[in-house]
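sequence first, predicted model second:
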Amino acid sequence: MLHCIQCGARFGERELIWRCPCGGTLQLSGYNPRPASSQCSPWRYLNGFFPALERDALVTMGEGNTPLIERSIAGHKAWFKLDYLMPSGSYKDRGMSVLATWLRTVGLTKVVEDSSGNAGASLAAYCAAGGIACDVYVPSYTSAGKCVQIAAYGGNLVRIPGSREKTTQAAMEAGRQSFYASHNWSPWFLHGVKTWFLEVHEHLPDVKNIVVPVGQGSIALGAWLAMEDLRHMGVDVSVRILGVQPEACAPLARAFEEKKHLPATIEKRETAAEGIASSEPVRGAEVLETVRSSKGTFVTVNEEELWEALNELGKAGLFLEPTSAAAVAGWKKLLKAGELLEEEETVVFLSGSGLKASDKIAAHFEPKLHTSNFA
Ligand SMILES: [Zn+2]
């Protein structure tokens, strides 16, 4: 069953709805979390979670089961969850497997989505695998690698000039003709994403802190859902969620600092961390509450810190997009500020492959290699 976070209204699992008529976000209730099966994908944790999803509607490409490695970066040790090692090169595949399965279950054959790039590429991949047509709206500044990917999967790419928010408006408008399959609104997507933390907890039951990049906040929200599932199964888990936002776009970090319950109204500036440049996160209030409940905090990083971290990751053998490097930059700052202790088990979440943003990375490090006419 689905319920509205804001007004509590209830809806069936097959209703074609992406948000409550009152404007609130939807969440799932009334399922029974069960221990993992031996199946090899996020679905090993989702067995029996979604009785409404039909078995023959399943869309999966072996996503999940990503490596968790211990590394020393910039002289400090932590665990790194390599969630960029997925079929489409970002963690979004966990959520899209579940979202695409729901789309097939309810019989949709065409959907519309908006994305800063990675989610669009992931949706296009899973729609291709599931035989669903999709229009993906992206801001015109989106990295060439992500646009190429969406088109390669057969997604219909629509570039919208202006802000990320303008892209959302255009997609919602277009969604009236088919269905607005927004991953940011979808509770199904979140329950796929939550499996990242279930994997971490299985390998590292003593984990104390997780450091995650936060734009719309699905990685943080997913982790919290996973912790609630574990508690429901009688597992004692208390993990601090530490959210990282770019200084150029930090509505949640600001609200957290000001002890507010809604995202702050901000003037967004340009940032290389395009995947988390969300000035109006639709589940912002939920993210703030989640981070507070976990006794965590937020940290912001500037562009220089982000590029430095990207460089250090590369030198450690990890090629990430700038959005993911922001998480590492944030982790370093939290260590320095004493918010994190190195001897505690800490997991830093690495969300998206550098191969997706090689145009932007090249432009930063080697201006001569910049191929702007490729975009
Ligand atoms: Zn409502």
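Received it, and whenever you're ready, just let me know what you need.

which elements pack onto the lowest-mean-pLDDT helix or strand in the chain?
Least confident helix or strand, the chain: helix 43-46 with a mean of 80, by mean pLDDT, DSSP states H and E. Other elements packing on helix 43-46 under the criterion 3 or more C-beta pairs under 8 Å, 6 or more residues apart in numbering; DSSP states H and E are helix 195-203. (Each C-beta comes from the backbone N, C-alpha and C, glycine too.)

buried residues, the helix it packs on. List them.
The neighbour-count check on helix 195-203 (16 or more other C-beta atoms under 10 Å) flags Thr195, Trp196, Phe197, Leu198, Glu199, Val200, His201 as buried.

and what of stretch 157-171?
For stretch 157-171, burial by neighbour count (16+ other C-beta under 10 Å) applies to Leu157, Val158, Ile160, Arg164, Thr167, Thr168, Ala170, Ala171.

and the contacts of it?
112-116, 120, 135-140, 142, 147, 150-151, 174, 180, 182, 268, 277-280 (C-beta atoms under 8 Å, 6 or more residues apart in numbering).

could you identify the buried members of these?
Of the members of the contacts of stretch 157-171, the ones counted as buried by neighbours, 16+ other C-beta under 10 Å, are 112-116, 120, 135-139, 142, 147, 150, 174, 180, 182, 268, 277-279.

take those and keep only those in helices.
Residues of the buried ones among the contacts of stretch 157-171 located in helices (DSSP state H): Gly120, Cys147, Ile150, Ala174.

doesn't Val138 make contact with the second one?
Yes - using C-beta atoms under 8 Å, Cys147 is in contact with Val138, at 6.6 Å.

what do the two both touch?
Shared between the contact lists of Cys147 and Val138 (criterion: C-beta under 8 Å, 6+ apart) are residues Gly117, Leu157, Arg159.

between these, which is closest to the ion?
Comparing the shared contacts of Cys147 and Val138 against the ion with C-beta to the ion picks out Gly117 as the nearest, at 29.9 Å.

mind checking pLDDT for that closest one?
We have a pLDDT of 85 for Gly117.

need the contact list for it.
Listed by C-beta under 8 Å, 6+ apart, the contact set of Gly117 reads Val138, Thr142, Ser143, Lys146, Cys147, Ile150, Glu274, Gly275, Lys356.

excluding its backbone neighbours, what's nearest Phe256?
Spatially, and ignoring its direct neighbours in sequence, Phe256 is nearest to Phe298 (4.6 Å; C-beta to C-beta, 6 or more residues apart in numbering).

check Pro42 too.
Once flanking residues are discounted, Pro42 sits nearest to Thr195: 3.8 Å by C-beta to C-beta, 6+ apart.

didn't the one you found look like it was pressed against Ala36?
No - contact status for Thr195 versus Ala36: not in contact, 9.1 Å apart, counting by C-beta under 8 Å.

and Val244, what element?
Assigned by DSSP states H and E, Val244 belongs to strand 240-246.

that older thread, which of the contacts of Gly117 lies closest to Ala223?
Using C-beta to C-beta, Gly275 comes nearest to Ala223 of the contacts of Gly117, at 17.0 Å.

mind checking the SS state of that closest one?
Assigned with DSSP: H, G, I helix; E, B strand; the rest coil, Gly275 falls in the helix class.

ok, the residue nearest to it when sequence neighbours are not counted to Ser122 distance?
Among residues not flanking Gly275 along the chain, Thr323 sits closest, at 3.4 Å (C-beta to C-beta, 6+ apart). Distance of Thr323 to Ser122, computed by C-beta to C-beta, to the nearest Å: 14 Å.

likewise Tyr45?
Relative to Ser122, Tyr45 is positioned 19 Å away (C-beta to C-beta).

so these two - more neighbours on which side?
With neighbours defined as other C-beta atoms under 10 Å, Tyr45 and Ser122 compare such that Ser122 has more, 34 against 25.

was I right to think that one contacts Tyr84?
No - between Ser122 and Tyr84 there is no contact under C-beta under 8 Å: 11.5 Å.

what touches both of the two?
Ser90.

ok, Lys110 - contacts?
Per C-beta under 8 Å, 6+ apart, neighbours of Lys110: Ile132, Ala133, Cys134, Asp135, Ser178, Phe179.

can you name the residues bridging to it?
Ala133 (DSSP bridges).
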